[in-house]
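Peer 1: can you look at this prediction? I've put the sequence above it.
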Amino acid sequence: MPYRLKFKKPVAISDPEKYINDCCIGGDLVLAQLLPGLRERFQDIRSDQEDWGWFAWVDQPGVKLAVDVFTEEAEAGEFIMHLTSRKPRLLLAAKIEDLPELEVLRDQVVGDLKAWQVEDLSVERVDERYFAVGDNR
């Protein structure tokens, strides 16, 4: 099952015009803190901005990992992050699965966020639709 991380970290935005949507503002600065540690641990990392936020995707043999960053409230420095592991399938979309590599990813990201001294860090398991486990939506 994926993880949802929430935290606060005010960041200085130098060029707000470079962001596609409000949910993207500052996500690049969050990833900038995480990418050095991710690159030390994993190979084949791709990161960029989408209309929903920022991502860093890891493509390993037999597993795909995702770090997706969404800005909740840019002025308050509030962010949400999803950590997901997927198993590639032949001719089908990769399926979300609870893989050991997800725990490694979680430990790396949480450690890097703590070192960056984010505030109010929470880590919770969510289902494949990113709802809290036990939420009947």
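Peer 2: Received the coordinates, thanks.

Peer 1: so which residue of this structure lies furthest out from the middle?
Peer 2: Leu91 (25.9 Å; CA atoms, centre = their mean).

Peer 1: any idea how far Asp59 is from it?
Peer 2: Computed with CB to CB, to the nearest Å, the distance linking Leu91 and Asp59 is 17 Å. To be clear about C-beta, it is placed using only N, CA and C from the backbone, and glycine gets the same treatment.

Peer 1: so Leu102 sits against Ala66, correct?
Peer 2: No. Leu102 is beyond contact range of Ala66, at 9.7 Å (criterion: CB atoms under 8 Å).

Peer 1: now the common contact residues for those two.
Peer 2: 83-85 (CB atoms under 8 Å, 6 or more residues apart in numbering).

Peer 1: and these as a markdown table, adding distance to Val126, neighbour count and pLDDT?
Peer 2: Below are the shared contacts of Leu102 and Ala66 laid out as a markdown table (distance: CB to CB, whole Å; neighbours: other CB atoms under 10 Å; pLDDT from 0 to 100):
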| residue | distance to Val126 | neighbour count | pLDDT |
| --- | --- | --- | --- |
| Leu83 | 10 | 21 | 97 |
| Thr84 | 9 | 24 | 96 |
| Ser85 | 13 | 26 | 95 |
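
Peer 1: what does stretch 1-11 rub up against?
Peer 2: 26, 29-30, 72, 76-85, 96, 98, 102, 106, 109-110, 113, 116-128, 130, 132-133.

Peer 1: just the buried ones out of the residues you listed, please.
Peer 2: By neighbour count, with 16 or more other CB atoms under 10 Å, the contacts of stretch 1-11 hold 26, 29-30, 77-85, 96, 102, 106, 109-110, 113, 118, 126, 130 as buried.

Peer 1: Ala93 should be in a helix, yeah?
Peer 2: No. Read with DSSP: H, G, I helix; E, B strand; the rest coil, Ala93 is strand and lies in no helix.

Peer 1: mind checking pLDDT for it?
Peer 2: Ala93 carries a pLDDT value of 78.

Peer 1: the one 4 residues further on too?
Peer 2: Per-residue confidence for Glu97 comes out at a pLDDT of 87.

Peer 1: OK, contacts around the nearest residue to it once chain neighbours are set aside?
Peer 2: Setting aside the residues directly before and after it, Glu97 is nearest to Lys87 in space (CB to CB, 6 or more residues apart in numbering), at 4.6 Å. By CB under 8 Å, 6+ apart, the residues touching Lys87 are 62-64, 94-95, 97, 99.
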